[in-house]
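Asker: I'd like to go over a predicted model; first the sequence, then the structure.
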Amino acid sequence: MMTTTARPRFRTDLVAEPIEEGGHRYIDVVDPDTGNGFRFFEVEYSLACAMDGERDMAGLVQWAKEDLGIEPSTKELATVISTLGELGYLDSGAAAAAPGASDGSDLGLTPGVVAAPRAAYDG
């Protein structure tokens, strides 16, 4: 079971590339160790980058409200954090589980997120 953290830290070694497709802007993120990729909407990537290991759930909600003009619920954030954890995109140094976090068994993608096919990264 993949746990998430009370103060999640988005990995800084991931490779990110901005993409524009069909009039929408995305950020493709690839784990250089595994080659696994994921496509984020810009706002979702911004939220992931705000996961600096210092902000807790309330801090992330406040940051999103002030900097992005959105107010995600703690349940939505827990889902995003759990998804990032399942992808291996969170720094594993943090230990405490986030309130309401899922073990991933009931997760699809975050609403609006499209997964990048692995073939796109196999060159």
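Answerer: Alright, I've got the coordinates. Only a predicted model underlies this, so the values are computations on that prediction, with no experimental measurement involved.
Asker: going by neighbour count, which residues of the helix or strand bottoming out on mean pLDDT in the chain are buried?
Answerer: Of all the helices and strands that make up the chain, the one with the lowest confidence by mean pLDDT, DSSP states H and E is helix 74-87; it has a mean of 91. Within helix 74-87, the residues that qualify as buried are 74, 76-87, counting by 16 or more other C-beta atoms under 10 Å. Quick note: C-beta positions are derived from backbone N, CA and C, even for glycine.
Asker: ranges for the strands of the chain?
Answerer: Counting by DSSP state E, the chain has these strands, from start to end: 15-21, 24-30, 37-41.
Asker: which one, of those, ends up nearest to Asp91?
Answerer: Each of these was checked against Asp91 via C-beta to C-beta, and the shortest separation belongs to strand 24-30, namely 14.3 Å.
Asker: which strands border that closest one, and is each parallel or antiparallel?
Answerer: Sheet neighbours of strand 24-30, with direction, are listed as strand 15-21 (antiparallel), strand 37-41 (antiparallel) (DSSP bridges).
Asker: mind putting the strands of the chain into TSV with mean neighbour count and mean pLDDT?
Answerer: Formatted as TSV, the entries for the strands of the chain read as follows, by neighbours: other C-beta atoms under 10 Å; pLDDT from 0 to 100:
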stretch	mean neighbour count	mean pLDDT
strand 15-21	11	95
strand 24-30	17	95
strand 37-41	22	94
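Asker: looking at these, which is nearest to Lys65?
Answerer: Of all these, it is strand 37-41 that lies closest to Lys65, at 17.5 Å by C-beta to C-beta.
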